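Visitor: need a structure here:
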Amino acid sequence: MLILSSALHLRKKYQHRRFCSSSENNRKMALIKTTLFLLGNLILAIQIMSPSIAGNPITDCWDTWSRCSRWSSPATGILWLSCADRCKCKGNATGTCREVPSKCPLTSKAWQCQCSGKLSGRKPSWCGF
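Guide: Coordinates of the predicted model:
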């Protein structure tokens, strides 16, 4: 009788352990996935922010992008400031979109916002802090 009771107790304990093990495995898998996701984003951020010594296509294309680009200009004034307004916020008198050689391997030329002059007086209030 004692042996049967011990066997039933071990069976229940084993079943409980098997159930916990499955739940524990799910938690471990979620932790591994989260860690890999964060690590991948960290590597991507480092890649984007690293200086372009030998021509980093990600940073070169990011630097080439401008509020003056043909594809981005429809959002000017909605999602971001115009070239002239952005230059005023940076303390310059004017800003003009100019075509320049591109560092991005996807295109040979790009439009870039170039600021000039010094703003007289205070920056506009809509510039933020």
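Visitor: give me the packing partners of the host helix or strand of residue 60, helices and strands only.
Guide: Using DSSP states H and E, residue 60 sits within helix 57-64. With contacts taken as 3 or more Cβ pairs under 8 Å, 6 or more residues apart in numbering; DSSP states H and E, helix 57-64 sits against helix 2-49. Every residue, glycine included, has its C-beta placed from N, CA and C.
Visitor: quick one: residues contacting the residue nearest to residue 117 when sequence neighbours are not counted.
Guide: Spatial nearest neighbour of residue 117, chain neighbours left out: residue 93 (3.1 Å); criterion: Cβ to Cβ, 6 or more residues apart in numbering. Residue 93 makes contact with 87, 116-120, according to Cβ atoms under 8 Å, 6 or more residues apart in numbering.
Visitor: kindly indicate which of those lies nearest residue 43.
Guide: Closest approach to residue 43 among these (Cβ to Cβ): residue 87, at 34.2 Å.
Visitor: surely that closest one and residue 112 touch.
Guide: No - with contacts counted by Cβ atoms under 8 Å, residue 87 stays clear of residue 112, the gap being 11.9 Å.
Visitor: any idea how this protein splits into domains?
Guide: 1-49, 59-127 (automatic domain parsing).
Visitor: and those, which one's lowest on average pLDDT?
Guide: In terms of average pLDDT, domain 1-49 trails the rest of the domains of the chain, at a mean of 68.
Visitor: what is the burial count for residue 110?
Guide: 21 (other Cβ atoms under 10 Å).
Visitor: make residue 1 into 53 and carry on from there
Guide: Sure thing, new numbering starts at 53, so read that last one as residue 162.
Visitor: list the contacts of the residue nearest to it when sequence neighbours are not counted.
Guide: Leaving aside its sequence neighbours, residue 162 sits nearest to residue 154 (Cβ to Cβ, 6+ apart; 4.1 Å). Contact analysis of residue 154 by Cβ under 8 Å, 6+ apart lists 116, 160-162.
Visitor: for residue 119, same thing?
Guide: By Cβ under 8 Å, 6+ apart, the neighbours of residue 119 are 125, 128, 132-135, 138, 165.
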